[in-house]
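A.B. asks: What shape does this take:
(6 chains)
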Number of protein chains: 4
Amino acid sequence: MNKVILVGRLAQDPEVRYTQSGKAVASFTLAVNRFGGGQGQNNADFVPVVAWEKLAETCGNNLTKGQRVLVEGRLQIRSYEANDGQKRRIAEVVAQTIEFLERKQASSSDAGNIDVNSFGKDVFPDEEIPF
Amino acid sequence: MNKVILVGRLAQDPEVRYTQSGKAVASFTLAVNRFGGGQGQNNADFVPVVAWEKLAETCGNNLTKGQRVLVEGRLQIRSYEANDGQKRRIAEVVAQTIEFLERKQASSSDAGNIDVNSFGKDVFPDEEIPF
Amino acid sequence: MNKVILVGRLAQDPEVRYTQSGKAVASFTLAVNRFGGGQGQNNADFVPVVAWEKLAETCGNNLTKGQRVLVEGRLQIRSYEANDGQKRRIAEVVAQTIEFLERKQASSSDAGNIDVNSFGKDVFPDEEIPF
Amino acid sequence: MNKVILVGRLAQDPEVRYTQSGKAVASFTLAVNRFGGGQGQNNADFVPVVAWEKLAETCGNNLTKGQRVLVEGRLQIRSYEANDGQKRRIAEVVAQTIEFLERKQASSSDAGNIDVNSFGKDVFPDEEIPF
DNA sequence: TTTT
DNA sequence: TTTT
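C.D. replies: Numbering: from 1, shown residues only, chains lettered A, B, ... in the order given. Okay, the predicted model is just below:
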């Protein structure tokens, strides 16, 4: 069991890239507010999120900065070599499902579809994220 | 909502330290095996976990390397200044509950208490971890 | 581990009652939409939810029919004797935390607090729900 | 989001049945111990669990009464007509993933595979359970 | 109806 | 850096 469930807002628009084999990868940072915690000036965790393939494309097409979403996924720790030759570790959430908790932009006529919208179910990709 | 649920094995014995104000903090790395994923030589995520106060002490007293546990907590992203003066981010799971999924060492007489053992419920501490 | 996480809409206003000892208990039904599932006429699970004490009062004061919330709790199976003398079982979610995913009614001046709002953490009460 | 995560022991061996169209359905009751709760004589929730298709067969072949497992699934509320013609509701967890937390019976030769074993990912079936 |  |  490796399960992460986050509710937060996109801190930026998703970036969609492609691996050498053509798989889509979306990445964005999710701002997850803390409650009851330290009440400093920037009281949130900024969590890196990645999504693959069809889910990546749906992110690219439907999500924008500031939008609130629920992300379900797994916590992945990757090693990579930094510019200075040092090995570092990065944590990120690999999204398996994303639910809209609000629409991209509130149009005047969305009475029928303001419900939660769930999409995607992505699994363990075997390629590295192209950064 | 910021929820993480992991099942894995301690990659090392927990280390217990104390903040300046005397709060206990336990930290350990949890090896969470991947399934269906890349089947390389080291097919696990090594996730840093911290626990505070009473839960920290219970960790120190009851957990050892190799033991399987279920950790429920939240994902925290902290900034810190590295030795080279650079700002880096570290992700860790702040444990709220830990359940034993097996005993520290199978003694010959624990027939009655091999059940899951749940302890702790720790919340948003307002001090930094003393590294 | 006994964990339930639901996102849905209140199917009715919460009812708040009191035990003989004076503890508040709120109960409501949460409509949780299904996705990818059977697309019949009533495509949702109607889940009974109860909340205790302070959390119960917050529900009574802040939640209304139709409002979208995230409920975190545990699944409880209770036995009771039905009117016909038969023993039946009822399942319900005992809420531990509830997050608003939208406001009761959008007032014109909530720019600062439209964020997710989390409240409550309630535990294993030792009294029966007064039905 | 409709997510349930339970750790408990099988209260009985799974029963495997088949729908008219030939889909396998396994069902069993999971005894989930309560902690911190009422400490009466039967301090557990007995939760009905169903699994479909390949996951159902794996349950039938690998799980037995008393075994500890982790079940991830969704909470489903079904209506059915009782023998007395009354309409009743039943809650059950539709399993999506099951992890072994211990082996069926410790044979002398399972040194290599005593790890957590995860299997299955089942989705919204469109047939009724054949009771 | 029930697990340990 | 790492568990089984």
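A.B. asks: got the residue ranges for the strands in chain A?
C.D. replies: A:2-10, A:15-18, A:24-33, A:44-52, A:68-81, A:87-100, A:117-119 (DSSP state E).
A.B. asks: Okay, angle between the fourth one and strand A:68-81 too, please.
C.D. replies: Read that as strand A:44-52. Taking axes from the mean of the first three to the mean of the last three C-alpha atoms, to 10 degrees, one finds strand A:44-52 and strand A:68-81 inclined to each other by 80 degrees.
A.B. asks: Just the CA coordinates for strand A:44-52, please, in CSV.
C.D. replies: Extracted in CSV, the C-alpha atoms of strand A:44-52 (Å, rounded to 0.1, in the frame of the first residue of the first chain):
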residue,chain,number,x,y,z
ALA,A,44,0.9,25.2,2.6
ASP,A,45,2.8,22.2,1.4
PHE,A,46,3.8,22.5,-2.3
VAL,A,47,3.7,19.0,-3.6
PRO,A,48,5.1,18.0,-7.0
VAL,A,49,2.6,15.9,-8.9
VAL,A,50,3.1,14.0,-12.2
ALA,A,51,0.5,12.2,-14.4
TRP,A,52,1.1,9.9,-17.3
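A.B. asks: can you give me how far that strand is from the chain middle?
C.D. replies: A distance of 4 Å separates the centroid of the chain from that of strand A:44-52, by C-alpha atoms, centre = their mean, to the nearest Å.
A.B. asks: That strand vs chain B: in contact?
C.D. replies: Yes - residues of strand A:44-52 contacting chain B under C-beta under 8 Å from any C-beta of the partner chain: A:45-47. Any C-beta I mention is one placed from the backbone N, CA and C, and that applies to glycine too.
A.B. asks: buried subset of these?
C.D. replies: A:45, A:47 (16 or more other C-beta atoms under 10 Å in any protein chain shown).
A.B. asks: Identify, from the residues of strand A:44-52 next to chain B, the entry nearest to DNA strand F.
C.D. replies: Checking those against DNA strand F with C-beta to the nearest atom of the strand, the nearest one is A:Val47 at 19.3 Å.
A.B. asks: how about a markdown table for the strands of chain A, with mean pLDDT and distance to DNA strand E added?
C.D. replies: Output for those, formatted as a markdown table (pLDDT from 0 to 100; distance: least, C-beta to the nearest atom of the strand, whole Å):
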| stretch | mean pLDDT | distance to DNA strand E |
| --- | --- | --- |
| strand A:2-10 | 98 | 23 |
| strand A:15-18 | 98 | 47 |
| strand A:24-33 | 97 | 35 |
| strand A:44-52 | 97 | 36 |
| strand A:68-81 | 95 | 28 |
| strand A:87-100 | 95 | 30 |
| strand A:117-119 | 62 | 31 |
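A.B. asks: which one of those strands lies closest to C:Met1?
C.D. replies: Checking the strands of chain A against C:Met1 by C-beta to C-beta gives strand A:2-10 as the closest, at 10.8 Å.
A.B. asks: Neighbouring strands of that closest one in the sheet, and parallel or not?
C.D. replies: Paired neighbours of strand A:2-10 in the sheet (DSSP bridges): strand A:24-33 (antiparallel), strand A:68-81 (antiparallel), strand B:2-10 (antiparallel).
A.B. asks: Surely A:Glu72 and A:Lys3 touch.
C.D. replies: Yes - between A:Glu72 and A:Lys3 a contact is recorded at 7.4 Å, counting by C-beta atoms under 8 Å.
A.B. asks: in chain A, what residue is nearest DNA strand F?
C.D. replies: Closest point on chain A to DNA strand F, by C-beta to the nearest atom of the strand, is A:Lys87, at 4.9 Å.
A.B. asks: Tell me which residues touch the spatially most central residue of chain A, please.
C.D. replies: When C-alpha atoms, centre = their mean is applied to chain A, the residue found nearest the centroid is A:Val49 (3.3 Å). The contact partners of A:Val49, taken as C-beta atoms under 8 Å, 6 or more residues apart in numbering or on different chains, are A:6, A:27-30, A:71, A:73, A:92-95.
A.B. asks: Turn the residues you listed into CSV, including neighbour count.
C.D. replies: Converted to CSV, the contacts of A:Val49 look like this (neighbours: other C-beta atoms under 10 Å in any protein chain shown):
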residue, neighbour count
A:Leu6, 23
A:Ser27, 20
A:Phe28, 25
A:Thr29, 19
A:Leu30, 25
A:Val71, 23
A:Gly73, 23
A:Glu92, 20
A:Val93, 23
A:Val94, 23
A:Ala95, 27
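A.B. asks: would a markdown table of these with distance to C:Ala82 be doable?
C.D. replies: Below are those laid out as a markdown table (distance: C-beta to C-beta, whole Å):
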| residue | distance to C:Ala82 |
| --- | --- |
| A:Leu6 | 41 |
| A:Ser27 | 54 |
| A:Phe28 | 51 |
| A:Thr29 | 52 |
| A:Leu30 | 47 |
| A:Val71 | 42 |
| A:Gly73 | 43 |
| A:Glu92 | 51 |
| A:Val93 | 45 |
| A:Val94 | 47 |
| A:Ala95 | 44 |
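A.B. asks: just curious, which of those residues is nearest to A:Arg17?
C.D. replies: Ranked by distance to A:Arg17 (C-beta to C-beta), the contacts of A:Val49 are led by A:Ser27 at 7.6 Å.
A.B. asks: give me every residue that touches that closest one.
C.D. replies: A:14-15, A:17, A:48-51, A:92, A:129.
A.B. asks: May I ask which of these has the most neighbours?
C.D. replies: A:Ala51 (30 neighbours; other C-beta atoms under 10 Å in any protein chain shown).
A.B. asks: Which of the residues of strand A:44-52 next to chain B sits closest to C:Cys59?
C.D. replies: Among the residues of strand A:44-52 next to chain B, and counting by C-beta to C-beta, the member closest to C:Cys59 is A:Asp45, at 26.9 Å.
A.B. asks: what about stretch A:61-76, near DNA strand F?
C.D. replies: No - Stretch A:61-76 does not reach DNA strand F (C-beta under 7 Å from any atom of the strand); its nearest approach is 13.3 Å.
A.B. asks: No more questions from me, cheers.
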